[in-house]
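**Student:** model the structure of this input:
(chains A and B)
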Amino acid sequence: MIVFLLRIVLMLLSIVAVSMLIPLGFAIYHRETDTVFAFLLPMVAFLIPGILAFIFKQKSKPVFSMKAGFVVVASSWILACILGALPLMISGYVPSFFDAFFESASGFTTTGASILSSVEALPVSLNIWRAEMHWLGGMGIVAMTVALMPLLGIGGFTLIKAETTGPDKGKITPKIAQTAKILWFIYIFLTFIQIVLLLLTDMNFSESVFHTFGSLGTGGFSMKNSGLASYSPAAQWICTVFMLIAGTNFALYYLLMQKRGKEFLQNTEVKVYWSIVILATAVVTIALLPVYKSFSTSVRHAAFQVVSVLTTTGFATADYVQWPQLAQSVLFLLLFIGGCSASTAGGVKVVRWTVLFKQMMNEIKRMLHPYGVFTIHLNGKAGRKDIVYSVAAFIFLYFLLVAITTLIASLNGVDLLTSFTSGLALVGNVGPGFGKVGPTGNYGFYSSATKLWFSFAMLAGRLELYTIFIFLTPHFWKR
Amino acid sequence: MKVIIIGAGFTGTQLAKRLISERNDVVLIDKDEETVRHASNRLDCMVMQASGNNLAVLEEAGIEKADFLVALTESDELNMITCSLVDSVYPNVVKIARVRNSDYYNESSTPQKSRKKHRPPYGINFMVHPDIEAAEAIVHAIKWDGVSESIDFKGSDYQIVSALVRQNSKFDGLALQDIKDVTKRQYLVVYIEGDNLAYIPKGSAVLHAGDRIGVLCKTEDTEELFSLCGEAKRQLNKIAILGAGRVGLWVASRLLHKKRKSFFAKVFSIPQELRKEYAIIEKDEALAKNAAMLFPEASIFKADITDEGFVEQERLDTYDLLIATTNNYELNIVTAAYLKSIGNLKTVGLVTNSQYARIANNVGVDVAIPTKDVVIDAIMSHLRGRFVTRIHTLFEGEIEIAEVTVSQDSFFNGKVLKDTHVEGVFLVLLRKKQGEDKYSIPRGDTRIELNDSIVVLYDKDKHTGFGFGERQ
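**Tutor:** Sure thing, here's the model as predicted:
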C-alpha cells in the first residue's frame, strides 16, 4: 500500500519537475548560468525516481481509500514545496531553507507573501519560477496530474476532492479525468489570451508571462519592489480583469462553453461576488477621490486593489497602507471573504458567507413565524440540508487557524495589526496584509520557526484546512 | 357503444351510471366481492368479479367488440400495464387510464413529439390525471379580484363565469335582453340557477337577487361583471394554500410561476407582485420541507390548520383567499367555513362530488371543486368521440357544455343558427372557423360549416339528440 502511494506521489512530483523546463528555458535565453544548474539538479533528482515509478508497475491495484487520498495530496503538496524551494536555495539567492520553503509554499499556495526585500535583485528565471508555482498551485498540481496521467484514474476523484476548494465538490463531466482536462484547458486558454494582451502593453515577454501566471493563479508575487505601480494603466486593467476571471468558479466557464449561460447567471455565488466587487470598488473610489483628484485614476486603483484582495491575489498598484481610513477598512474586511469556490482564489469563499447569511435570515424569519419551514436556496435550487453545519465548522476551523497564526506572529514582537493581518493574509492565501506586512513590506523579519508555521498555515489554507488538519486528529491514526 | 371499466370505486360507478343513462353497454370489472355486489345491485350493467389485468377476463368481458377501455383502479401502474397489455392485442380499442403520478407524463418531451403519428406512449390513448384536473379547476376559479367557478375554452378569450346576483346589484329585476342597457360590454347569460333548478333562459327571463347565473364573457370583463352583480371590489393579495400534496403544489406552481412576461410587463407588475403574499400550510414535515425547497418565494408553515394557536399566530384571518387542497375533503369544508367566520376571506376547497359541493356552498365556501366529477368530466370528454374535444357538466349532469368540431354528419353542419334555434334547449355559445385561432360569439344568421369548432351548451334532459357526428 505504502509503495503504491509513494509511486503516485513520485509521479506527481515528476510532473512538477518537468514544468521546471519553462524557467530553465528563460535561464538559458537570458544566459543566467548560475541558475541553470539550480534548476537542472532538482529536476533530475526528482525525475529519475518518478520515471522509475512509472516504469515499474505494480501487479495489483489496492483499494484507494479516502484516507489514502488525503495522504497523497498532503504529502505531494509538501514535497512539491520542498522541490520548489531547491532552485532558490541552490542558486544562493535565498540561502536559508526556512526562507526558501516559505517562499515556495507561498508560491504553490498562491499566497504571494515574500521574504525577499528586493525582488528586482533576482534573475529573471527565478522570478518566472516563483510565478509558475502560483500558476501550478492555482489550478492544483493533483488536478494536473489526474488530467495528464490516466493511470491515476482509480482514485482521481478522491484526490481532486482533497485539493479543490469550496463546500460542494462536483464533477462537471462523468469522468473526473475529463473534468480535470477541461478545467486545465480553460486555464491554459486564458493564460494564452492574457499573455498576448499584456504583450500589447508596455510589458516585455518575461514580464507578461510573470504577471499572467500571477493573476490567473491569484498568486501575487511581483517582479518589482513597487508591484505593478510602474506599469501602464492598460496593463493594470488587464490584470484586474483576469484576476476577476480567475476568482470565479471555473466550472462555470464550462457551462458557458456548453452554451448554458443561463445557469452561469443564476449562480448565487457569482452574483454575490460581483456585487461585492462593485460595491467595494465604489466605496474605495469615493474614498480615493480626494487623494488622486482624478476619477479614472481613483477607479483604477480602487478596482485593482479591491479585486486583488478579494481574489486573494495580493498584487498592488499603490501602497494602500497610506490610503484614507475608509479605503483601508474596506480592503481589511475583504481579507475575510475570499473568491469563489472551485476558482484559483483562496480564503473563506463567497459561497460560505452567503450560506451563513441566508441561514441568519432564516433564523430571523423563524423568530417571526415559529411554524415556518425554511430552506437555503443556492443557484435557484434547494441546497443540501447539512450545508450550514459543514460551513459553520469550516469557518470555525478557519478562524481558529487565523487566531493561532496571529498568536505565533505576535511572539515576534510585532503590533496587533501586523500580526492579525499576517494570520488573515496567510491562511486566506492573500499575501500582503497591513502594517509591516503591507504591500511594500515583506515577511522576511519573522523568525525561522515562525516562517515554518506560516508555511503550514498557507498550505492548510490552500487545501481548505481539512486535508491538512486531518493529520492532527487521533481518528486519522487509528487503524 | 361498449365500454369496459376496470375498478368499481366511486369514480368507476359514477362513470358507469352516466354512460348507462346514455344507453351504452357497460361492463364493470372489480376484484372485490363486496364492491361488485353493491355495484351490480345499483347499476344496470354487467359486473364481473375478476382481475381486470387478465387478458382472458377481458376477453370474456368482450374486449374485442368494445370501443373503450377505462382503467380506474387505485394503482397507476396496474392501470397503465393493463392498457399496454390490451394495446398489444387489440390496438383498435381506445384506452383511457387514470394516472396520478405526473412523472409518467411525457407530453413535452421530445420522444413523444417525434412519435406523434405512431402509437401513443405505453399504448394509452388518454391519461387522466385527477390531481392536475382538480388543480387546474382551482386555478381557473381564481380571478384577479375574486373567485368563482368558471369554464375556460382552449384558444379563446371567453369563459363562462358563475356569479351570484346580490341585493344591491344592477341585475336585480332586469330582463336578460335589457342587460345591454346597463353595460357596453358583452355579457351572455347562459344559464340561471334558481331554487334547486337550473335552466337555459329565454331573452325575456328576469334576474332576481339570489340567482346564481352563468355568464359568457371575455376574461378581461369579469371584473366589471362582479361589480355589476353587486360584489364588493377587492384584490387577492394574501393567498394561503392548505396542503402541500400534489394538488397544492400544482396550484402553487401555477400561481407563483406565472408565464414569462416581457421585461417591461415585468417591471410594471413589480408593485403588484410585491403586495402578493403566498403561504403554504402543511401538517406533514416531509411534505412541508419539500414545498419549502420548491417555493422559496412563499412562506411555508408546518402546522395543523385546526390548531387555533397557529391560526392566531399567523393571523390567517387577514388573508384574502384560502385554497384548501387536502385529501381530507371534510376538513377542507370545515376549515374554509371556519376561516370565513373569523375573517373576510374568499375560499376555494376541494370536495368529493357535486352533492358535497352544494353543502360546501351552503356553509359559505365560495367555490367547491368536486374532484370526482372533474375526473369523470375529463373521461367523458374522451368518450364522446373524436369530434368532441372537451365536455363540461354542470348541476350533476343536467347541463352539458361541449367543445365540438363540426363533422359531415353533425346536426349543425351547414345550418344557419336561427333555423335550428329552440329556446331553452341548447345554445351555440362560440364559434371558430377552420383556420382561425380565436373563438367569437356567433349571431343568429351565422352559418355553421364543416370543420368549424363550436361550443354548445345543452340541457341533457330536453335535447332530443343532435349528433356531433360519428363516434370514434
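**Student:** verify the stated contact: B:Y104 with B:M80.
**Tutor:** Yes. Counting by Cβ atoms under 8 Å, B:M80 is a contact partner of B:Y104 at 6.9 Å. The way it works is simple: take the backbone N, C-alpha and C, and place the C-beta from them, glycine included.
**Student:** smallest gap between chain A and chain B, at which residue?
**Tutor:** In chain A, the residue found nearest to chain B is A:A382; the distance is 3.3 Å by Cβ to the nearest Cβ.
**Student:** number of nearby residues for that residue?
**Tutor:** By the criterion of other Cβ atoms under 10 Å in any protein chain shown, A:A382 has 17 neighbours.
**Student:** so who does the nearest residue to B:M48 once chain neighbours are set aside touch?
**Tutor:** Nearest in space to B:M48, with sequence neighbours left out and distances taken as Cβ to Cβ, 6 or more residues apart in numbering or on different chains, is B:I29 at 4.7 Å. Applying Cβ atoms under 8 Å, 6 or more residues apart in numbering or on different chains, we find B:I29 in contact with B:4-8, B:47-52, B:57-58, B:61.
**Student:** pipe those residues into TSV and attach secondary structure and neighbour count per row.
**Tutor:** TSV is the format used below for those (DSSP: H, G, I helix; E, B strand; the rest coil; neighbours: other Cβ atoms under 10 Å in any protein chain shown):
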residue	secondary structure	neighbour count
B:I4	strand	26
B:I5	strand	28
B:I6	strand	30
B:G7	coil	26
B:A8	coil	27
B:V47	strand	22
B:M48	strand	20
B:Q49	strand	18
B:A50	coil	16
B:S51	coil	16
B:G52	coil	25
B:V57	helix	16
B:L58	helix	27
B:A61	coil	22
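**Student:** among those residues, which one sits closest to chain A?
**Tutor:** For the contacts of B:I29, the minimum distance to chain A (Cβ to the nearest Cβ) is 36.1 Å, reached by B:G7.
**Student:** can you tell me which residue is spatially central in chain A?
**Tutor:** Of all residues in chain A, the one closest to the mean position by Cα atoms, centre = their mean is A:T110, 3.5 Å from it.
**Student:** who are the contact partners of residue 172?
**Tutor:** Just so you know, I chose chain A. The contact partners of A:I172, taken as Cβ under 8 Å, 6+ apart, are A:179, A:182, A:251, A:254-255.
**Student:** that's the wrong chain, I wanted chain B
**Tutor:** If a contact means Cβ under 8 Å, 6+ apart, then B:D172 has B:165-166, B:207-209, B:230 as its contacts.
**Student:** neighbours around the residue in chain B that chain A sits nearest to, how many?
**Tutor:** Closest approach of chain B to chain A (Cβ to the nearest Cβ) occurs at B:M293, with a separation of 3.3 Å. Other residues near B:M293 number 17, with proximity taken as other Cβ under 10 Å.
**Student:** how about B:G414?
**Tutor:** Using other Cβ under 10 Å, B:G414 is surrounded by 11 other residues.
**Student:** what about B:E308, how many neighbours?
**Tutor:** Under the neighbour criterion other Cβ under 10 Å, B:E308 is assigned a count of 11.
**Student:** okay, B:Y104 and B:M80: which has more neighbours?
**Tutor:** When neighbours are counted by other Cβ under 10 Å, B:M80 comes out ahead of the other of B:Y104 and B:M80, with 22 against 17.
**Student:** my guess is that one contacts B:V128. True?
**Tutor:** No. Between B:M80 and B:V128 there is no contact, the gap being 11.8 Å when judged by Cβ under 8 Å.
**Student:** overlap of the contact sets of the two?
**Tutor:** Looking at what touches both B:M80 and B:V128 (by Cβ under 8 Å, 6+ apart), the common residues are B:97, B:99.
**Student:** thinking again about what came up before, so how far is B:D419 from the residue of chain A closest to chain B?
**Tutor:** Distance of A:A382 to B:D419, computed by Cβ to Cβ, to the nearest Å: 62 Å.
**Student:** same thing with A:G166?
**Tutor:** With the distance defined as Cβ to Cβ, A:G166 ends up 76 Å from B:D419.
**Student:** circling back: wait, doesn't the residue of chain A closest to chain B sit right on B:M293?
**Tutor:** Yes. In this structure A:A382 lies within contact range of B:M293 using Cβ under 8 Å: 3.3 Å.
**Student:** quickly list what's touching both of the two.
**Tutor:** Contact with both A:A382 and B:M293 is made by residues A:T375, according to Cβ under 8 Å, 6+ apart.
**Student:** who touches B:Y158 in this structure?
**Tutor:** The neighbours of B:Y158, taking Cβ under 8 Å, 6+ apart as the test, are B:216-219, B:429-430, B:439, B:441.
**Student:** ok, now with 7 Å
**Tutor:** For B:Y158, the contacting residues are B:216-218, B:430, B:439, by Cβ atoms under 7 Å, 6 or more residues apart in numbering or on different chains.
**Student:** check B:L236 too.
**Tutor:** Contacts for B:L236 (Cβ under 7 Å, 6+ apart) come out as B:142, B:145, B:320-321, B:346.
**Student:** include neighbour count and secondary structure when you put the residues you listed into CSV, please.
**Tutor:** Formatted as CSV, these follow (neighbours: other Cβ atoms under 10 Å in any protein chain shown; DSSP: H, G, I helix; E, B strand; the rest coil):
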residue, neighbour count, secondary structure
B:I142, 21, strand
B:D145, 17, coil
B:D320, 20, coil
B:L321, 21, strand
B:K346, 24, strand
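**Student:** out of those residues, who's nearest A:P324?
**Tutor:** Closest to A:P324 out of the contacts of B:L236 is B:D320 (52.3 Å), distances taken as Cβ to Cβ.
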